[in-house]
Every structure is written in structure tokens, then in C-alpha cells.
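Visitor: Provide a 3D model corresponding to the input given below.
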Amino acid sequence: MKKTDTDGELKWYEKKAGRRMNFSGAVCKDDGKKAKGGKRADTKSEYKAGCKYERKNEGSAGGNSAEGKDFHKKVRGTEKKSFRVQKDFVAARQVDFLLDAGSVPSDAKKILADFRDIIGATHPLNSKQRADLPRQILELSHTLTDERAERRLGYMNRPQTLSAYTHYYLWWNLVRLTRLFSNLPSSFFEFPDGTVCLDVGSGPLTVPIALFLSRPELRKKKLRWYCMDISPQALSIGENLLMTVAARLECESWEVVRVKGGFGTPVKEKVSFVTCANVFNEVGEESNMPPDYLAKKYCEKILSYIMEEKPSENGAGDFRKVLLIEPGIPSSARLLSLMRDAMIRRGFSPVSPCPHAAQCPMDGKRGGKWCNFAFGTQDAPAALKKLSESARLPKERAVLSFVALTAAKKSEDAGELSFRVASDPIHLPGSRTGYYACSEIGLLLVVTEDSLRSGECLSIPRPEKKLSVDEKSGAFVVEL
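Guide: Sure, this is the predicted structure:
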């Protein structure tokens, strides 16, 4: 008989977490038919015991059946290794991949490759300014990093700074965000005509331009964007760039309403979609308050912009959404994790990268893991990489932390356990490789001979038996 949340006894993973999870039972038994050879089959996927994981739309790797064997082994405290290699493995299927370069539209790739010419057409530099650009970029880099304590709030109002930002940082941010937005679930960008959006800390309209490039289905939508920033010059440049990009794509640009002011400045109407990119790491520097206080304060401000829940005329559902993006550093990941918790308490649900709505196991606490995702820059525009080298800022990886949330209700599959890879490969004994991953039951150490990628989400049958625990990190060990 299936247990429910009202049962008195806690599951093993609930005891470890110190609370009851929001799903009913560790459902792992087959409710469909079993095929020969010990296979479990249902309408969504097919799991093969003892084989490597299957990527979506690809064939599986072969392996011997391990039906009837226990694939979990307990760690002995006397062993020197942080985990014990298990004899049997669990198979997984790919759910999605956040950073797939192949998902970026081809016309967006061409725009990004030619972005220097697009900027030059709207805001050209003379020969002296172009020769001085690498130095200005390096100066701005110091302002944004090691000299940020001395940075003035309105630094983007300086012409030299704005020029360096537009010709370099805007370009890199578009590469980074276009890759991310192209791989987020399409349901997250389902908006009816007339949707009102707000981009806080918009600068040169980085987020609206990245969305216009990465989501072709939105280009024909009638969206109104309130773009808020303390630098009116940056907003003006961004609006010109958005119109130029739209013209190159032979589309009509979205309506842009420029709002001069910082986070908290009122706008004329309530919105459905709020975006904030690289905002809170700067705003938080102006306050000595603890991050949990700031997270609650920021979420209250975000919610003050969002319209109250009301059924749509066609019954399509709730379109209220929030997208928060920050640098992939521990302090930013910590703040995003706290803001995620605050938004969940206000009725929102995480869409991505979180494969669950339970407590975040990679919350950026001191000494712990933090949620961030990285990809190589080999696909970045050649002209941009050359400019980076000229500025003595070579970039081999692009890193970010983010959370996408929706007010719409989400359904979860209680028979599966999904997890998101959020680390580089970790070399382990026995010529094996591990990856830290986020899951509903806590932090996982996923051990496999296969190569996984940062941002990859996989799903396995929910474990029936207790998982081993890695002595070093405290993560549950899953062998693929």
C-alpha cells in the first residue's frame, strides 16, 4: 500500500533533511508491464538495469543486466576512499541541457558574429577611440572586480565607460544569455499579445535583445517592455540596438518604455514578466544587511511590480514569471538561493535550473557548494575573442547563476528522481569521474564513466533503498 504525507514515519532521505518532503512516498515500483530481461517500460521512457544512461533521441549504450541485485552500497567509516565503487548501476535518461549551443537560432548566431558591425552602425568609434578601446575595457574590468569598492553608482553615465561596456561586456552578456535563453523550456516564454514586461537594471537592454535573438516565437508577439536603469544614455543605446537587430531579422521591434531610475522606481502599470540580470550583486554592495534580509526585501520589490493573479480570458493560465540572473560566484548564488526560497513562499515555483521545489542543496553557504553553470567559449564570435585578448582579458569559460520562476502550478512525477549537474568533472579513484548535482533529496555525487556536462538534467527511477553518502561532501552517491 502506498504511503502518503500523512503517515507518521519519515523516509530515510526525509530523516537526513530533518523534514517531510512534498511528495508521496518513494515510489519506485513498476506500475506498468515488465519486458523480458528485467526492463522497466512506461509511456515516458525505458530504463535498462546495468547500462549507461541514454541521452534523449539517442541509442543506449550496452551493458549486462543487473536485475535483482542491490545497486546501493554503504560506506564503511574505516575506508580511506570517500565512497565505495558499486558493482551495479542505475540507468538515467536526459531531460534537458541548459547550455546546448545547437539550440541557438542560426540567425541569432549570425547577429552575434556581426555584432561589432551592428554597434558600429549605431554608435561608431573613430580611429583614436577604437585604438583606445582595449585599455578602456581593461579599466572597466578593474572597476567591476578588484576596484568595485571605489566604484560610483552612476559609473555607466561616463561616455568612456559606456562605450567600453557596450562594445565588450554587452557582447559577452548576449553570448551568455542567448545560450541560456535558447535552452529554457518553451513554456516559460509563453506570453499572449499585449504582455507587459519589466527589465530592472536594463543598461543597454541586454535581456530584451538576448530574448529577441534566442526566442523566434516571441519576435511576432506584441510585448511592451519597461526598461529601467539609472543611465538614460545606456537605455537610449540599447533601444537603438534592439531596433537595429529587429530590422536585420526583418521583424518589428517590441515597444520599449524607458524608465530612468534604480530598482524600486515605480512604473505606470503592473507587469506579468520581471527580469533582472547582474543587478543584485551591485545593489547588495550598497548595503551592510545580511543576505537573507536583502533577499526578502528584493522579492517584495519584485512582487510589487507584478499584477495580481487573475484568470486569462481564454483560460490559458497564469503568465506571471520572474527571471533572475547573476554572476556565477558564491555570494550571488547564495542570494539567488535565498530569493528562490522567498518566491516559493509567495506561491511561485522554480522552472529552471531547479528540478524540484524543495530546499536548495547548493545554496552558496560558506564551505558548501553553490549553484552555477559554465560553458566553453570556443563557439563565441572570433572578433569578440580577439577583442578580449587585445584587452588582456582572455576568456575560456562563461559562467552564470540564475533562477526562473513561475506562478503557474507545476506537476511532478513521483516515480522519478531528476537532478541537475552543476559542477566540473571530479576525478575519483578507479579511473572514474564524479559530478555534483542538485536533486529533491539533496546534494548528489553522480559517479559515471560517461562525460556529463554542466547544466545537464537527468532522471532516474526514484531509489527504493538507502543511498551511500560521500564522506567528504555529505552528498548521496549515485552510480550511472
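Visitor: from Ile325, how far out is the residue lying closest to Ala374 once chain neighbours are set aside?
Guide: Residue nearest to Ala374 in three dimensions, not counting chain neighbours: Val399, with 4.4 Å by Cβ to Cβ, 6 or more residues apart in numbering. C-beta here means a position set from N, CA and C on the backbone, and glycine is covered the same way. In this view, Val399 and Ile325 are 11 Å apart by Cβ to Cβ, to the nearest Å.
Visitor: Asn372 too?
Guide: 11 Å.
Visitor: give me the common contacts of these two.
Guide: In terms of Cβ atoms under 8 Å, 6 or more residues apart in numbering, Asn372 and Ile325 are both contacted by the residues Leu400, Ser401.
Visitor: show me where the stretch 201-350 of the chain has its strands.
Guide: Along the stretch 201-350 of the chain, counting by DSSP state E, counting those that start in this stretch, strands occupy 224-229, 255-260, 273-277, 321-327, 349-352.
Visitor: I'd like those written out as JSON lines, with mean neighbour count and mean pLDDT added.
Guide: Below are those laid out as JSON lines (neighbours: other Cβ atoms under 10 Å; pLDDT from 0 to 100):
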{"stretch": "strand 224-229", "mean neighbour count": "24", "mean pLDDT": "96"}
{"stretch": "strand 255-260", "mean neighbour count": "16", "mean pLDDT": "96"}
{"stretch": "strand 273-277", "mean neighbour count": "24", "mean pLDDT": "96"}
{"stretch": "strand 321-327", "mean neighbour count": "24", "mean pLDDT": "95"}
{"stretch": "strand 349-352", "mean neighbour count": "20", "mean pLDDT": "94"}
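Visitor: to Lys466, which of the ones you listed lies closest?
Guide: Of all the strands of the stretch 201-350 of the chain, strand 349-352 sits nearest to Lys466, with 26.7 Å by Cβ to Cβ.
Visitor: so which elements touch the closest one?
Guide: Packing partners of strand 349-352 (3 or more Cβ pairs under 8 Å, 6 or more residues apart in numbering; DSSP states H and E): strand 397-406.
Visitor: list the buried residues of the strand it packs on.
Guide: Neighbour counts using 16 or more other Cβ atoms under 10 Å place Ala398, Leu400, Ser401, Phe402, Val403, Ala404, Leu405, Thr406 of strand 397-406 among the buried residues.
Visitor: on that earlier part again, which of the strands of the stretch 201-350 of the chain sits closest to Asn173?
Guide: Across those, closest to Asn173 is strand 273-277 (Cβ to Cβ), at 7.3 Å.
Visitor: relative to strand 224-229, how tilted is the closest one?
Guide: Using axes from the mean of the first three to the mean of the last three Cα atoms, to 10 degrees, the direction of strand 273-277 lies 30 degrees away from that of strand 224-229.
Visitor: list of residues touching strand 273-277?
Guide: With contacts defined as Cβ under 8 Å, 6+ apart, strand 273-277 is touched by 173, 177, 191, 195-201, 206-207, 263, 302, 305-306, 319-326.
Visitor: same check, this time on stretch 171-182
Guide: Applying Cβ under 8 Å, 6+ apart, the contact partners of stretch 171-182 are 98-101, 103-105, 108, 112, 115-116, 119, 206-207, 209-211, 213-215, 277-278, 325, 375, 377, 380-381, 384, 387-388, 395, 398, 400, 402.
Visitor: what about 7 Å?
Guide: 98-99, 101, 103-105, 108, 112, 115, 206-207, 209-211, 213-215, 277, 325, 375, 380, 384, 398, 400, 402 (Cβ atoms under 7 Å, 6 or more residues apart in numbering).
Visitor: in helices, which of the residues you listed appear?
Guide: Cross-referencing those against helices under DSSP state H gives Ala108, Leu112, Phe115, Thr206, Val207, Ile209, Ala210, Leu211, Leu213, Ser214, Leu384.
Visitor: tell me how far Arg264 lies from Lys301.
Guide: One thing to correct before we go on: residue 264 is Gly, not Arg. As for Gly264, its distance to Lys301 is 5 Å (criterion: Cβ to Cβ).
Visitor: apologies, that question was intended for Ser431.
Guide: Distance from Ser431 to Lys301, by Cβ to Cβ: 51 Å.
Visitor: do I have it right that Pro134 meets Leu393?
Guide: No. Taking Cβ atoms under 7 Å as the definition, Pro134 is not a contact partner of Leu393, at 8.8 Å.
Visitor: the two: which has the busier surroundings?
Guide: Shown here are Pro134 and Leu393; by other Cβ atoms under 10 Å, Pro134 has more neighbours (18 against 15).
Visitor: what helix or strand does the more buried one sit in?
Guide: helix 127-144 (DSSP states H and E).
Visitor: I'd like the mean pLDDT over that helix, please.
Guide: Mean per-residue pLDDT for helix 127-144: 87.
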